[in-house]
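Engineer: just coords:
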């Protein structure tokens with residue numbers, strides 16, 4: 001498989017009580033296409049910080065991040081976020097006064113990537129793919145359950161025609177049964193559609209269902225087997 005995202009000697013820290021606290025220490029790792037990854041680690045280890053750096057939402061002190069061989073700083077962080085990746089948040093971050101379909105259509109207008117065919121038809125198709133029927137696609141997202149909103153958020157993340165999806169504790173607000181459904185959805189996106197999923201989670205049960213499990217410890221990533 002080809003490498004889609006490469007981390008090279010990432011360093012990140014902050015001042016805490018007058019002392020420099022190093023979160024990431026010369027961290028290097030390569031993520032392959034079409035693979036579902038989970039990142040585990042104790043509270044405060046820097047999992048969300050790392051995800052923010054990889055998603056271009058924050059900037060490392062030193063080191064490089066390459067998307068398909070190109071430095072994301074050279075791509076431009078705004079262009080990288082707009083055209084290369086999707087992000088799924090624990091709190092969904094959907095626009096509550098729009099329907100599920102409208103949330104996806106809005107995402108399609110916010111990318112420079114080609115969107116094939118009708119935006120409306122594609123939105124319905126993506127929602128159906130993640131288990132949201134057309135009857136619910138036209139409901140306000142605020143009228144959907146938590147699990148349904150997270151499915152909409154996942155569909156929105158791929159609506160911009162991207163291949164790399166980041167997810168920050170995507171099942172943290174869900175019950176166990178719904179959690180498993182969301183993880184199966186990530187598995188399907190990786191296996192059948194070639195998407196790369198990188199999810200931060202505190203749950204060993206979620207992590208066991210991913211293709212690759214990684215542990216963030218001491219500022220570095222270690223593969224778990």
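Structural biologist: Arrived safely, thanks for sending. These numbers come from a predicted model, not from an experiment.
Engineer: how about the helices of the protein, start to end?
Structural biologist: Ranges of helices within the chain are 47-54, 72-75, 77-83, 100-109, 119-129, 134-137, 146-159, 176-193, 204-208, based on DSSP state H.
Engineer: Now those in TSV, please, with extra columns for distance to residue 169 and mean neighbour count.
Structural biologist: Bear in mind the C-beta positions are built from the backbone N, C-alpha and C, glycine included. Converted to TSV, these look like this (distance: least, Cβ to Cβ, whole Å; neighbours: other Cβ atoms under 10 Å):
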stretch	distance to residue 169	mean neighbour count
helix 47-54	8	22
helix 72-75	23	16
helix 77-83	19	16
helix 100-109	20	21
helix 119-129	23	18
helix 134-137	24	15
helix 146-159	11	24
helix 176-193	11	16
helix 204-208	9	15
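Engineer: Spatially central residue for the protein, please.
Structural biologist: residue 166 (1.3 Å; Cα atoms, centre = their mean).
Engineer: For my notes, please list the helices of the chain in TSV and give distance to residue 28 for each entry.
Structural biologist: Shown next, in TSV, are the helices of the chain (distance: least, Cβ to Cβ, whole Å):
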stretch	distance to residue 28
helix 47-54	12
helix 72-75	15
helix 77-83	19
helix 100-109	32
helix 119-129	34
helix 134-137	42
helix 146-159	26
helix 176-193	23
helix 204-208	21
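Engineer: Check the separation of the first and last residues in stretch 80-92.
Structural biologist: Terminal residues of stretch 80-92 are spaced 21 Å apart (Cα to Cα, to the nearest Å).
Engineer: Show me the contact partners of that stretch.
Structural biologist: For stretch 80-92, the surrounding residues in contact (Cβ atoms under 8 Å, 6 or more residues apart in numbering) are 55-57, 67, 72, 75, 110-113, 141, 146, 149-150, 152-154, 156-160, 162, 164-170, 172-173, 199.
Engineer: how far out from the middle of the chain is that stretch?
Structural biologist: Relative to the mean C-alpha coordinate of its chain, stretch 80-92 is positioned 6 Å out (Cα atoms, centre = their mean, to the nearest Å).
Engineer: show me what contacts residue 184?
Structural biologist: By Cβ under 8 Å, 6+ apart, the residues touching residue 184 are residue 209.
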